[in-house]
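Student: below are the sequence and a predicted model; questions follow.
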Amino acid sequence: MRTQNQSTVGFYKEQGFAYVQADDVDGDPDDTFVDPGDPYGRTCAERHNQIYSLEDAQNIDDHPNGTLNWMPMPRGYKPETQPGGVPTDVPRTPDRSSPQVSGFDPSQWAGPTVKTGKGVNPVVAENANAHIRQTVMSMKGDTGEYVAKLYEANAKSVPQILNSRSRLFNRRDPATGKPMKAGGFYNNNTDIIRVATGNTEHAMTHEIGHQITSRSHLAKILGEKKAKQFAREIDDAYFDAIERRRINPNSSVVSDYGMKSVREYIAEGFHFAVQNPEKLAKVDPGLSKVMHKYLVGKKRVLIDDVPGFDAAAYTERLRQGARTPNVQVGGRVVSDDVARRNPIGIGG
């Protein structure tokens, strides 16, 4: 346990933390063991929720089968005994903003840096960041943590925002092969997502759905066995939807675009499970069940629930940015907050 403890404390030190809070909820009140390395002589139960400096924490050796974990306090935290320190009656909330720490809380995550292409108002990156965070907050714990770690470790995997006029969005319809203008696309070979200005609200979550269910990621998220189960259940739901539409051409489906291929069915299902779960449950309960079973949490997270993001303030900054010299979005101001649904398709 000492080796694991020292590794954890060492990582926190590298990340710039100075204090940690003990998390030992299973500490038995009848357990009187006191580790010699604890400078305060506390038992496991007494140590729970107490705050230690990294130097003190690294010397504590939890006993075999112990459940001690360390949660980092916010960077810059000072105990009350130091100038500017925190009084004992002020709640102390551990910093769970990094996906690298135990107990990662996606609502505390700052999200990735989003790159914008030529001719795109850089303010648009704020909205893209907010929609990425909303999507991660909506996912099941392990899935959201995986995406956050992916984006922090690989900048190229983070969705990019490009001018909607870019030729990169000249794609082909997944069903007919005919030319179409896409609102976004995911390249499975390079793990790159590109979203066109004006399509963030829909295409961002849709393309992340493509990314996390690609061969290079799904098995890492769910494990090989569950990934195969997911694929089988998706196929069943997709063919059920095809059969319903065959019997009744007017029957409700997740979207017309989602019926063009099983890949688009998955991405549209993921999008609606995050953005409009009530609609998905109504039009395709089978797809809704699969999405919430494997990828998306039960609680709906709105864009207004993303900490630090003010849609009205963002829109004003977007307008002001569009009035500065040499900045334009497709030749005119485009508000991503009320994203224009691409009438042709999302992409791939």
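Tutor: That came in fine, so what should we check first?

Student: check the secondary structure at Ile266 for me.
Tutor: Look at Ile266: counting by DSSP: H, G, I helix; E, B strand; the rest coil, its state is helix.

Student: surely it meets Gly209?
Tutor: Yes: the pair Ile266 and Gly209 qualifies as a contact (Cβ atoms under 8 Å) at a distance of 6.3 Å. Quick note: C-beta positions are derived from backbone N, CA and C, even for glycine.

Student: quick check: phi and psi on the nearest residue to Gly184 once chain neighbours are set aside?
Tutor: Residue nearest to Gly184 in three dimensions, not counting chain neighbours: Ala203, with 3.3 Å by Cβ to Cβ, 6 or more residues apart in numbering. The phi and psi values for Ala203, taken as degrees, to the nearest 10, are phi -70, psi -30.

Student: ok, how many other residues are close to Ala203?
Tutor: Ala203: 30 surrounding residues under other Cβ atoms under 10 Å.

Student: how much space separates it from Ala128?
Tutor: From Ala203 across to Ala128, the span is 10 Å (Cβ to Cβ, to the nearest Å).

Student: ok, Gln100 next?
Tutor: Gln100 sits 23 Å away from Ala128, going by Cβ to Cβ.

Student: neighbour-wise, which of these two wins?
Tutor: Using other Cβ under 10 Å, the more surrounded residue of Gln100 and Ala128 is Ala128, with 23 against 15.

Student: coming back round to it: mutual contacts of Ala203 and Ala128, please.
Tutor: By the contact definition Cβ atoms under 8 Å, 6 or more residues apart in numbering, Ala203 and Ala128 are jointly contacted by Val195.

Student: after the worst-scoring helix or strand of the chain on mean pLDDT, next one along is what?
Tutor: Here the helix or strand of the chain ranked lowest by mean pLDDT, DSSP states H and E is helix 2-14, holding a mean of 72. Following helix 2-14 in sequence order, the next helix or strand is strand 19-23 (DSSP states H and E).

Student: centre of the chain to the strand or helix carrying Arg133, how far?
Tutor: Element membership for Arg133, per DSSP H and E: helix 124-138. Remark: helix 124-138 is offset 8 Å from the chain centroid, using Cα atoms, centre = their mean, to the nearest Å.

Student: could you give the mean pLDDT of the helix or strand that that helix is followed by?
Tutor: Going down the chain from helix 124-138, the next helix or strand is helix 141-153, by DSSP H and E. Summarised as a single mean, pLDDT over helix 141-153 is 95.

Student: please name every helix or strand in contact with helix 141-153.
Tutor: If you count contacts as 3 or more Cβ pairs under 8 Å, 6 or more residues apart in numbering; DSSP states H and E, helix 141-153 packs onto helix 124-138, helix 200-212, helix 215-222.

Student: report the angle between the longest one and helix 200-212.
Tutor: Using axes from the mean of the first three to the mean of the last three Cα atoms, to 10 degrees, the interaxial angle of helix 124-138 with respect to helix 200-212 works out to 60 degrees.

Student: ditto for the last one
Tutor: Calculated by the same axes, to 10 degrees, helix 215-222 forms an angle of 80 degrees with helix 200-212.

Student: who touches helix 215-222?
Tutor: Residues from elsewhere that reach helix 215-222 (Cβ under 8 Å, 6+ apart): Asp142, Thr143, Tyr146, Leu150, Asn188, Asp191, Gln211, Ile212, Ala227, Phe230, Tyr294.

Student: give me the phi and psi angles of Val296.
Tutor: The phi/psi pair for Val296 (degrees, to the nearest 10) reads phi -110, psi 140.

Student: what pLDDT does it get?
Tutor: Per-residue pLDDT puts Val296 at 98.

Student: likewise Ala312?
Tutor: Listed pLDDT for Ala312 reads 90.

Student: in terms of helices and strands, where is it?
Tutor: Taking DSSP H and E as the criterion, Ala312 maps to helix 311-322.

Student: just how off-centre is that helix within its chain?
Tutor: Worked out by Cα atoms, centre = their mean, helix 311-322 lies 24 Å from the chain centre.

Student: what is the mean pLDDT for stretch 23-40?
Tutor: On average, stretch 23-40 scores 75.

Student: where along the stretch 151-300 of the chain do the strands fall?
Tutor: Assigned by DSSP state E, counting those that start in this stretch, the stretch 151-300 of the chain shows strands spanning 160-162, 170-172, 179-181, 184-187, 192-196.

Student: next, the angle from the last one to helix 124-138.
Tutor: So the one you mean is strand 192-196. Strand 192-196 and helix 124-138 are oriented at 120 degrees to each other (the same axes, to 10 degrees).

Student: parallel or antiparallel, which strands does strand 192-196 pair with?
Tutor: For strand 192-196, the paired strands and their directions (DSSP bridges) are strand 160-162 (parallel), strand 184-187 (antiparallel).

Student: I'd like the ones you listed laid out as TSV, including distance to Lys220, mean pLDDT and mean neighbour count.
Tutor: Listed next are those as TSV, based on distance: least, Cβ to Cβ, whole Å; pLDDT from 0 to 100; neighbours: other Cβ atoms under 10 Å:
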stretch	distance to Lys220	mean pLDDT	mean neighbour count
strand 160-162	22	97	22
strand 184-187	16	97	23
